[in-house]
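S.K.: Curious how this folds, go ahead:
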Amino acid sequence: MSVKHWFVSDIHLKNVNERNGNRLLRFFHFLRKDAKNNQIFLLGDIFDFWLSDGRAFQKHYKVLIEEMKNFLAEGGKIFYFEGNHDFHIDVFWTKKMGIPVFEDIQYFKIGEYKVRLEHGDFMNPQDKAYLKYRERVRQPWVELLAHTLPGTFWKNLGEFLSSRSRKKTSRYLSENIEKSVQLIRQYAKEEHRKNEFDIIITGHMHVVDDYIFKTQSGSARSINLGTWLDQPRTLLISGRHVEMINIDQLLAKELS
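M.R.: Prediction:
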């Protein structure tokens, strides 16, 4: 049986009891039914905000964390890519949960493909304000503060900042969907010329896009996962099979 590789991003989870929190719990429960043959890649902004190993975050998402621990204990694998709402997180997710955390781009052999994975922070080089923010929050002194100040402080501050950021992003996307798609596709082509891949999977832009483009050696594919704030989706790669799946439909099929 081929291992199934699942990809999600930009859930922006605020509470386990909200609709998307319930969906994510049920999704991990679904994966546990055959944990050894399931691997999930979290491509950033899974939480609306998570910084360091703050106990306030651990307590707030305890039910979900326990479900993820069970999935890991039964042979499943989780890989976590930092986004712009979850960073400096390896002190909890790696050191306490045993989950690899990546800050930047990684290449994996997945199924029959060479796959490039990332959150997608660099797709819009014109967004100077965001790029400066990303550089600032990854400074060593910010990381030191993240690990020093209490989790409740960061949780409250993060929820406030995330709310403002989400409103700005939603407004931009509603006015620039076509531009966002073009940025995603242009980025994929440029990065492929630097280091070839079969598939690039990204998030960040909150736009679903599945695009095949020609290359010197044949073709490659760019897939942006969108956001669960719009519709809960996951990408599945198993062997040569590649499919975007609606989470609600997947879980409903399991119940029928």
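
S.K.: can you give me the strands for the stretch 101-250 of the chain?
M.R.: Taking DSSP state E, counting those that start in this stretch as the criterion, the stretch 101-250 of the chain carries its strands at 101-102, 106-110, 113-117, 199-202, 208-215, 218-225, 233-238, 241-246.

S.K.: From the rest of the structure, what touches the shortest one?
M.R.: This points to strand 101-102. Defining contact as C-beta atoms under 8 Å, 6 or more residues apart in numbering, one finds that strand 101-102 is touched by 79, 80, 81, 82, 89, 90, 93, 94, 117. Using the backbone N, CA and C atoms, a C-beta is placed for each residue, glycine as well.

S.K.: and what of the third one?
M.R.: Around strand 113-117, the neighbours that count as contacts under C-beta under 8 Å, 6+ apart are 7, 41, 43, 79, 81, 102, 105-109, 191, 195-201, 237, 240, 242.

S.K.: again, only using 7 Å
M.R.: By C-beta atoms under 7 Å, 6 or more residues apart in numbering, the residues outside strand 113-117 that reach it are 41, 43, 81, 105-108, 197-201, 237.

S.K.: List of residues touching the strand or helix carrying residue 80?
M.R.: Assignment of secondary structure by DSSP states H and E places residue 80 within strand 77-81. Outside of strand 77-81, the residues within contact range by C-beta under 7 Å, 6+ apart are 39-44, 68, 72, 93, 99-102, 117-119.

S.K.: buried subset of these?
M.R.: Among the contacts of strand 77-81, those buried by neighbour count (16 or more other C-beta atoms under 10 Å) are 39-44, 68, 72, 93, 99, 101-102, 117-119.

S.K.: still on that earlier bit, just name the most buried of the strands of the stretch 101-250 of the chain.
M.R.: Of all those, strand 199-202 carries the top mean neighbour count, a mean of 25, counting by mean count of other C-beta atoms under 10 Å.

S.K.: sorry, back to before: how about the contacts of strand 113-117 in TSV, adding pLDDT?
M.R.: Below are the contacts of strand 113-117 laid out as TSV (pLDDT from 0 to 100):
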residue	pLDDT
41	98
43	98
81	97
105	96
106	98
107	98
108	98
197	98
198	98
199	98
200	98
201	98
237	98
